[in-house]
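In: Give me coordinates for this.
(3 chains)
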Amino acid sequence: MPHIKVDAEICKGCGLCVRACPKKILRLSPTVLNQKGYNPAECVDQSQCTACRSCALTCPDVAITVYKD
Amino acid sequence: MSQVVFTKTNMLTDAITHYCPGCGHGIVHRLVAESIEELGMNDRAVGISPVGCAVFAYRYFNCDNQVALHGRAPAVATGIKRVSPEAIVFTYQGDGDLASIGNAEVNHAAARGEKFVTILVNNGIYGMTGGQMAPTTLIGQKATTSPQGRSVERAGFPMKVAEMIATHEGVQFCERVAVNNTANILKAKKAIKKAFQNQVDGKGFNFIEVLSTCPTNWGLDAIESMKWVEEKMIPYYPLGVLKDKDQEAK
Amino acid sequence: MARVLMKGNEAIAEAAVAAGCRYFFGYPITPQNELPEYLSKRMFEVGGYFVQAESEVSAINMVYGAAGAGGRVMTSSSSPGVSLKQEGMSSIACAEIPAVVVNMMRGGPGLGSIQASQADYFQATRGGGHGDYRTLTYAPASIQEACDLMVRAFDKADEYRALCLILGDGMIGQMMEPVEIKASEVKKFDKSWAARGRGDRKHNSIINTLYITHEELTELNERLQAKYKVMEEKEVLVETYNLDSNPEYVLVAYGTVSRICKNGIAKLKEKGINVGMVRPITVWPFPKQAVLDAAKKASVKAMVTVEMSAGQLVEDVELSVKGVKPVELFSRLGALPPTPDEVADFVLALKGRK
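Out: Prediction:
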């Protein structure tokens, strides 16, 4: 199954991946705060992920790893 | 076992950058680093860190590095390239560093046809020092030294750097790109990789201007900033190839 | 190489080549132009590189890059140009990379004139640019000595990973003298610290001048000061002249002026007045002990500083003499060297006054 992993400690919660995702399955976590005080991005529905990499390509902090299966 | 289709390149260190959330520098760092790694040049790479927000670039690029004084990176690169012609050298500079205080250095490196890559990250403002007006600040754009917005009467016109660099015969390749959306990021990657490929092939001066953002000093969030690049910057600083000797030869 | 008649600037350039220097970055300015002109031909004969930069600022930053990449590198200029180089010189000192800078001093301030002067003494001996640093600074009095010191400067720059300065005056650059440039084996130094591509190294080499935390900056400065202390202990070069003649006066002078002083001393001798001289060969580190030792001699009534500047060298003399004897100043301004008679007359006037 295609899916992504966000390194929550590296993420600065800028939201660029949320905008970039064509499936609109990313959001900034409403509950999690990382050590730097940011709300990191998270995927709410990995089953819809197509591993298109749009989120990772736009992430300024290279916090996202993308898996094809 | 999952097949990884995107992960961080080894040409970037594991250090978490000091850049503000949404700052385009991180994207440009990745594009430069991936280009070098894909060409197999990690062990030959020497970066030149500028003065400005990217001054700590030496902590993020996983290669040898020399930290230059404000604007002097192309001169430093010139010195390195003489001693070590086999090194793959790149300067990574902001618009204040390159277009203002370092205007002489970059233009003469271009005119000499120095065989290295210069990356200009143009976000139209001095980021590190707190948002002062740059040579690239747009007409009407507010900065801490143009609080009413840049006026032509007081500060003249924004400088089109890629166009200026492209006038030099010594330039092999010159393109302006942007990192405001995924499609443009992919184009930027292609341009940057071509610039490095040219250096590997021993071809002239290679210059890439990248339109980028400064959410903090623009007073916008990351997404609004990317929109601003598209709506305000790209119309004044059009994207595209300004010089490519490979095409001229055809 | 046989003994030949050469112009100072060209001889110094040839000495740099003999010292193994293969990279030169410079910008035209009188009275040092023959130096880059000579190297623009010579460097290519020996497989080196010459780049005429767009400015002195750019040239010194090319030197910074080349030095950081492990090259044996130099630049040359004259006073206004050396002022422009100071930002880069501060960086080279801070980054602890080896390089040699030649300053053929001309008259200042501002554009000044193109004649010989010594008015950059403070700039050369106090660091010159911003921050706490020093440059190991040699002040040759003849072209032969300039050539010998050139070789030494490159070796010391590598030994200490420091910036070395050759402080000539316009006359050293412009006059011709017989000179023998000795071809000796170029010493090898470990340059594994150089940033020129990682290669097989495990770690990245970073040439840096940014120390953003006060702890790091303190550590850097303490390391620099410790290095300068060793230089002060080990690198002082000085010539003493006529000090065993029970001199009434001891002149302190360097460079071309010291040779004029020797002629002045001969004229005073004819009048029955014994005068000695202490000539700093390194102006930084300054030969404090030699100056103090001379001042302490029972026969000495006063120390006399002779300089083509408005009282710069005299400060180091006073700091060295520590009030043991009076310190007099014969200062020549306007980039015109004094004559031996003028030096002698100055001493005679002192004697008459007492």
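
In: Regarding the residue nearest to residue C:294 when sequence neighbours are not counted, what is its secondary structure?
Out: Of all residues not flanking residue C:294 in the chain, residue C:250 sits nearest, at 4.5 Å (C-beta to C-beta, 6 or more residues apart in numbering or on different chains). C-beta here means a position set from N, CA and C on the backbone, and glycine is covered the same way. Recorded secondary structure, residue C:250: strand (DSSP: H, G, I helix; E, B strand; the rest coil).

In: Quick one: name the residues of the stretch 201-350 of chain C near chain B.
Out: Residues of the stretch 201-350 of chain C found near chain B, taking C-beta under 8 Å from any C-beta of the partner chain as the criterion, are C:204, C:205, C:206, C:207, C:208, C:209, C:210.

In: actually chain A, sorry about that
Out: Selection of chain A residues close to chain B by C-beta under 8 Å from any C-beta yields A:3, A:9-10, A:12-16, A:19-20, A:38, A:51, A:53-54, A:56-62, A:64-69.

In: so which strand or helix has residue B:40?
Out: Using DSSP states H and E, residue B:40 maps to neither a helix nor a strand.

In: what's the neighbour count on it?
Out: Residue B:40 has 10 neighbours, counted by other C-beta atoms under 10 Å in any protein chain shown.

In: swap in residue C:5?
Out: With neighbours defined by other C-beta under 10 Å, the count for residue C:5 comes to 10.

In: element containing it, please.
Out: Element membership for residue C:5 (DSSP H and E) is strand C:4-7.

In: Moving C-terminal from that strand, which element do we reach first?
Out: In the C-terminal direction from strand C:4-7 (assignment by DSSP H and E), the next one is helix C:8-18.

In: Which elements pack onto that next one?
Out: Identification of packing neighbours for helix C:8-18 by 3 or more C-beta pairs under 8 Å, 6 or more residues apart in numbering or on different chains; DSSP states H and E yields helix C:34-45, strand C:73-77, strand C:99-105, helix C:143-160, strand C:163-169, helix C:170-174, strand C:176-179.

In: Name the residues that touch the helix or strand just after it?
Out: Next along the chain after helix C:8-18, taking DSSP H and E as the criterion, comes strand C:23-26. Contacts to strand C:23-26, defined as C-beta atoms under 8 Å, 6 or more residues apart in numbering or on different chains, come from residues B:78-79, B:82-83, C:16, C:35-36, C:39, C:43, C:48-53, C:58-60, C:62-63, C:66, C:71-77.

In: Kindly format the C-alpha coordinates of the strand holding residue C:5 as CSV.
Out: Below are the C-alpha coordinates for strand C:4-7, written out as CSV (Å, rounded to 0.1, in the frame of the first residue of the first chain):
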residue,chain,number,x,y,z
VAL,C,4,71.3,39.2,-11.0
LEU,C,5,70.2,42.8,-11.0
MET,C,6,66.4,42.9,-10.4
LYS,C,7,63.7,45.4,-9.6
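
In: May I have the phi/psi pair for the closest residue to chain A within chain B?
Out: Nearest residue of chain B to chain A: residue B:26, at 3.0 Å (C-beta to the nearest C-beta). Main-chain torsions, residue B:26, degrees, to the nearest 10: phi -60, psi -40.

In: list the contacts for residue B:54?
Out: B:25, B:92, B:93, B:94, B:121.

In: Now for residue C:347, which secondary structure element holds it?
Out: Here residue C:347 sits within helix C:340-353, counting by DSSP H and E.
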